[in-house]
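Peer 1: Take a look and give me a structure for this.
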Amino acid sequence: DRIPWLCTLHDSLRREDTCRQDTVLACSALKKMYRRVLISGASAIESNQPEHPGENPALKILFVHLDGPMDIIAGRLEKRRGHFMPLELLKSQFDTLEPPSAPENFITVSLEKSLPEIVLEIESAILQG
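Peer 2: Have a look, this model is predicted:
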């Protein structure tokens, strides 16, 4: 049920890339397949592999894996008001998570850092290419 939505996100990223726009997209993309769809669109589903060079090259995406213990994330969720993500779903998110790994293009940032430190680490990774 997420695949059409992820394909739509891929199409949006592709349009921005074509216009040479840098883009920040926030979504959970908990599974490796979800991240593949963001990079390569529907072809990732059909072939279970990124697209072949020259056809419609895969997007260059830096995934940011925000990593932290469940209790810290639960505490932050409890403080949110009017957010769709209830605390009761947190364990299922951890159970579903397939952390990024090579050859994916990603960084892991600890949620135990302060927000300014997190932002600085992400900005540094983006600027380093």
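Peer 1: got the domain boundaries for this structure?
Peer 2: Here the domain parsing of the chain from the TED database is 1-61, 63-128.
Peer 1: Now for this protein: which helix has the highest residue count?
Peer 2: Using DSSP state H to assign secondary structure, the helix with the most residues in the chain is helix 3-18.
Peer 1: Next secondary structure after that helix?
Peer 2: Toward the C-terminus, helix 3-18 is succeeded by helix 32-40 as the next helix or strand (DSSP states H and E).
Peer 1: which other helices and strands contact that following helix?
Peer 2: Using 3 or more C-beta pairs under 8 Å, 6 or more residues apart in numbering; DSSP states H and E as the contact criterion, the elements in contact with helix 32-40 are helix 3-18, helix 43-47. Where C-beta positions appear, they are placed from N, C-alpha and C, glycine not excepted.
Peer 1: Specify the angle between it and helix 3-18 in degrees.
Peer 2: Here helix 32-40 points in a direction 30 degrees away from that of helix 3-18 (axes from the mean of the first three to the mean of the last three C-alpha atoms, to 10 degrees).
Peer 1: buried ones in helix 32-40?
Peer 2: If you call a residue buried by 16 or more other C-beta atoms under 10 Å, then helix 32-40 has these buried ones: 33-40.
Peer 1: can you check stretch 105-123 too?
Peer 2: By neighbour count, with 16+ other C-beta under 10 Å as the criterion, the buried positions of stretch 105-123 are 106-107, 109, 118, 121-122.
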